[in-house]
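Novice: This is a predicted model, with the sequence first.
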Amino acid sequence: MVPQFMSFEGGAGIRVLVLKGGPDAEREVSLRSGTEVAAALREAGFAVEEIAIDRPGLAELRAMRGDVVFPVLHGAWGEGGPLQELLEADGRPYVGARPAAARLAMDKVATKAAVGAIGVPTPEAQELRLGEPLSIPCPVVLKPADDGSSVDLRICTTPQEVERARLELEPRRTRVLAESFIRGRELTVGLIDGECLPIIEIRPREGTYDYEAKYHRDDTQYVLDPELPEGVAEAVRAFSRAAWHAVGCRDVARADFMLDARGPWFLEINTMPGFTDHSLVPKAARHAGLPMERLVAGLVHRALGRRRPGRAAA
């Protein structure tokens, strides 16, 4: 079902500031996502200021023109709270989560705690502190506790592999999460204003759905509305909505799951999912009858509806 606020409204007379890039490891993905968003907004009739940023200050941000900001950034600074704090100080309406929700969703340890507390199943996990032994059995997934796009993800089947992965990750990552590896089917659910888009099953040709499979290879299969065991689709959608509310998401998000014989397991929720030609929220939206230009236009108009009284356009 397409959310009601996604009924098409054009962009005449509205200037959107599209921010992309940022200082995080996912800068390349952000640049591509921002380019796609800007092109779709122009197609929908908006005037667009498309700017690649690093880590601007408030004065620099305020000098950028736009009635509303669409921050298409991924990673700890651009998606994890600091940019959202800057946008709050700027005062213009913007697309996406507010600072507290952005920080919570970027912190995989805190997200799992918040979502697990309301009964959503999530794999057993441990934040690995330097020198602390692993207390959960292999196989495990090791990944940064505060990054995305499967950057620096390692699957370890033995204690020796865990030690090698820790030697690689701990010198450059301040926080590492170890999570029980769930062998099964990978599912993802896009959400618009808390309503679920069609479920997508991700089928990498080989190995795991890592950074290369997500953004560079063309052999990953994406199955929309896959056949699932009885009750699984309903559970995945219910868990996705529950995670959305537990984290405090706004406008758009994407929840990721693994499915095995026991049922679906929540992994994480992203508050600014990708918008590249490989990205999953645009794929699911198109399948639901919501092409890219209507998707991004709806998100902009949603943000504009929150404009503060008396805030002049930039």
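Specialist: Okay, I see it. Every value quoted in this text rests on a predicted model; they were computed, and no experiment measured them.

Novice: Name the residues that touch stretch 227-244?
Specialist: For stretch 227-244, the external contacting residues (Cβ atoms under 8 Å, 6 or more residues apart in numbering) are 111, 115, 118-121, 187, 189, 191, 194, 196, 199, 249, 253, 255, 257, 259, 263-264, 266, 269. Where C-beta positions appear, they are placed from N, C-alpha and C, glycine not excepted.

Novice: In strands, which of those residues appear?
Specialist: 187, 189, 191, 196, 199, 253, 255, 257, 259, 263-264, 266, 269 (DSSP state E).

Novice: show me the contacts for the spatially most central residue of the chain.
Specialist: In the chain, the C-alpha nearest the mean C-alpha coordinate belongs to Asn270, at 2.5 Å (Cα atoms, centre = their mean). Applying Cβ under 8 Å, 6+ apart to Asn270 gives the contacts 74, 79, 105, 148, 253-256.

Novice: next one: Met272
Specialist: Met272 is in contact with 71-74, 78-79, 96-97, 252, counting by Cβ under 8 Å, 6+ apart.

Novice: starting at the chain centroid, how far to stretch 123-142?
Specialist: How far stretch 123-142 lies from its chain's middle: 24 Å, per Cα atoms, centre = their mean, to the nearest Å.

Novice: buried residues in that stretch?
Specialist: 123, 125-128, 134, 138, 140-142 (16 or more other Cβ atoms under 10 Å).

Novice: same question, stretch 87-103
Specialist: 87, 90, 92-99, 101-103.

Novice: average pLDDT across that stretch?
Specialist: Here stretch 87-103 scores 98 as its mean pLDDT.

Novice: Need the per-residue pLDDT for Gly310.
Specialist: Reported pLDDT for Gly310: 58.

Novice: again with Gly207
Specialist: So, for Gly207, pLDDT stands at 59.

Novice: Also the one 10 residues further on?
Specialist: Taken from the predicted model, the pLDDT recorded for Arg217 is 55.

Novice: And Asp225, by the same measure?
Specialist: On the pLDDT scale, Asp225 gets 98.

Novice: biggest separation within the contacts of Asn270, which pair?
Specialist: Spatial extent of these (Cβ to Cβ) is set by the pair His74 and Ala255 at 15.8 Å.

Novice: out of the buried residues of stretch 87-103, who's nearest Ala12?
Specialist: Pro93 (17.5 Å).

Novice: follow-up on the earlier one: just the buried residues of the contacts of stretch 227-244.
Specialist: 111, 115, 120, 187, 189, 191, 196, 199, 249, 253, 255, 257, 259, 263-264, 266, 269.

Novice: Could you double-check that Lys20 sits in contact with Glu26?
Specialist: No. Counting by Cβ atoms under 8 Å, Lys20 stays clear of Glu26, with 10.8 Å between them.

Novice: where do the contact lists of those two overlap?
Specialist: Counting by Cβ under 8 Å, 6+ apart, the residues touching both Lys20 and Glu26 are Leu73.

Novice: Can you pick out the most distant pair from the contacts of Met272?
Specialist: Gly78 and Val252 (14.7 Å).

Novice: about what we covered before: which two of the ones in strands among the contacts of stretch 227-244 have the greatest separation?
Specialist: Spatially, the most separated pair among the ones in strands among the contacts of stretch 227-244 is Ala253 and Gly263, at 21.4 Å (Cβ to Cβ).

Novice: For the contacts of Met272, give me TSV that also has secondary structure.
Specialist: Formatted as TSV, the contacts of Met272 follow (DSSP: H, G, I helix; E, B strand; the rest coil):
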residue	secondary structure
Pro71	strand
Val72	coil
Leu73	coil
His74	coil
Gly78	coil
Glu79	coil
Gly96	coil
Ala97	coil
Val252	strand
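
Novice: what would these look like in JSON lines with distance to Ala285?
Specialist: Shown next, in JSON lines, are the contacts of Met272 (distance: Cβ to Cβ, whole Å):
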{"residue": "Pro71", "distance to Ala285": "19"}
{"residue": "Val72", "distance to Ala285": "15"}
{"residue": "Leu73", "distance to Ala285": "20"}
{"residue": "His74", "distance to Ala285": "18"}
{"residue": "Gly78", "distance to Ala285": "22"}
{"residue": "Glu79", "distance to Ala285": "19"}
{"residue": "Gly96", "distance to Ala285": "16"}
{"residue": "Ala97", "distance to Ala285": "18"}
{"residue": "Val252", "distance to Ala285": "10"}
